[in-house]
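1. Everything below, folded, please.
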Amino acid sequence: MAYQNGQKSIFITGGASGLGREVASYFAGQGWFVGLADINDSGLQETAAMLPDGMSSTHYLDVTDRKQWARVVTEFGAITGGQMTVLFNNAGIGNGGAIQEMTDEDIDLMIAINLTGVINGTRACFELLKATPDSCVLYTSSAAGIYGVADLSIYSATKFAVRGLAESHDIEFRKYGIKSRSLMPGFIDTNIISGVAEGTNQSGKEMLESAGVLVSPVSIIGPAAWQAVHGDKVHTPVNKMAKQLTFAARWLPGRLRKQAVALASGLGDVLAGSDQPPKK
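-> Here you go, the predicted structure:
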């Protein structure tokens, strides 16, 4: 079995693990051809092995490298006949800490992957999306792009920026028949929070849950991505936490700020001390 003429397709950055892997599995289950991109070769092969035989292609991609983007988009387009129904512009890393304590390298890398890499993806895939009826670029923002999170300021800033891209492109791309959407998940049980948090023997997930923060199973992401791609809303909050933040940011900003202050002590340590996944 291989790509069939006219088959819908999705190209996923960060496809070696986490949200990318889950969305790949869900869309492949709906009969879509899946392009998987990441710098984690072994993770890419693991994801591909989870999908139906012949329903995927794998591509080594550092999203900060524009030349690599040009190469992998050409590879993918050669398979799909110049079509790309959805670009899941998902690759990103999480890192935390007080801004004055973060290294220049950590700050620059997070901006390069979480923002510049996302911009690179949209630009590189634009012509394939434009050539495909009812296409969509789907961005991964975050609940941290709804209201800023203490000790995650750079991460929050990049996710606010991605949210802005989705909103801008929802208007800008309409004349080309391309939809623009974003996922805004709260904390999801992936390897980004699996490491041991700084100053404790608890995992990031355990620390969050002990602070009363909801951590949702990764299985909710596939249906949420499907809904986002096929729905009319620009932003799709994913899980109860993100939906509550969306409501509070609009209607109860003062209360939300007080809650954020109350939770500020320690939540940044979850990502600051976690084992980070490889750049995707």
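2. Tell me which helix or strand Val72 sits in.
-> helix 66-80 (DSSP states H and E).
3. Who does the following helix or strand past that helix pair with, and is each partner parallel or antiparallel?
-> Proceeding N to C from helix 66-80, the next assigned helix or strand is strand 86-89, under DSSP H and E. Paired with strand 86-89 in the same sheet, following DSSP bridges, are strand 9-13 (parallel), strand 135-140 (parallel).
4. what does strand 86-89 contact?
-> The contact list for strand 86-89 (Cβ atoms under 8 Å, 6 or more residues apart in numbering) reads 8-13, 20, 23, 27, 118, 121-122, 125, 129, 135-140, 225, 229. Placement of C-beta: from N, CA and C, glycine included.
5. coming back round to it: of the strands paired with strand 86-89, which approaches Arg181 most closely?
-> When the strands paired with strand 86-89 are compared by Cβ to Cβ, strand 135-140 sits nearest Arg181, at 5.0 Å.
6. any residues touching the closest one, and which ones?
-> 14, 19, 84-90, 92, 118, 122, 125, 129, 162-163, 165-166, 169, 173, 177-183, 185, 225, 228-229.
7. can you rerun that using 6 Å?
-> 85-90, 122, 129, 162, 166, 178-183, 228-229 (Cβ atoms under 6 Å, 6 or more residues apart in numbering).
8. and those, which are buried?
-> 85-90, 122, 129, 162, 166, 178-183, 228-229 (16 or more other Cβ atoms under 10 Å).
9. quick one, longest strand in the chain?
-> Ranked by residue count under DSSP state E, the longest strand found in the chain is strand 178-185.
10. Give the rounded mean pLDDT of it.
-> Averaged over strand 178-185, pLDDT sits at 94.
11. how far out from the middle of the chain is it?
-> Taking the mean of its C-alpha atoms, strand 178-185 sits 10 Å from the chain's own mean (Cα atoms, centre = their mean, to the nearest Å).
12. Next: stretch 102-118.
-> Relative to its chain's centre, stretch 102-118 lies at 15 Å (Cα atoms, centre = their mean).
13. So what touches it?
-> Val63, Thr64, Asn89, Gly92, Ile93, Asn95, Ile154, Thr158, Ala161, Val162, Lys279.
14. Any idea what the residue lying closest to Ser168 once chain neighbours are set aside is bridged to?
-> Nearest in space to Ser168, with sequence neighbours left out and distances taken as Cβ to Cβ, 6 or more residues apart in numbering, is Ser180 at 7.8 Å. Per DSSP bridges, the residues bridged to Ser180 are Val137.
15. Sounds good, over and out.
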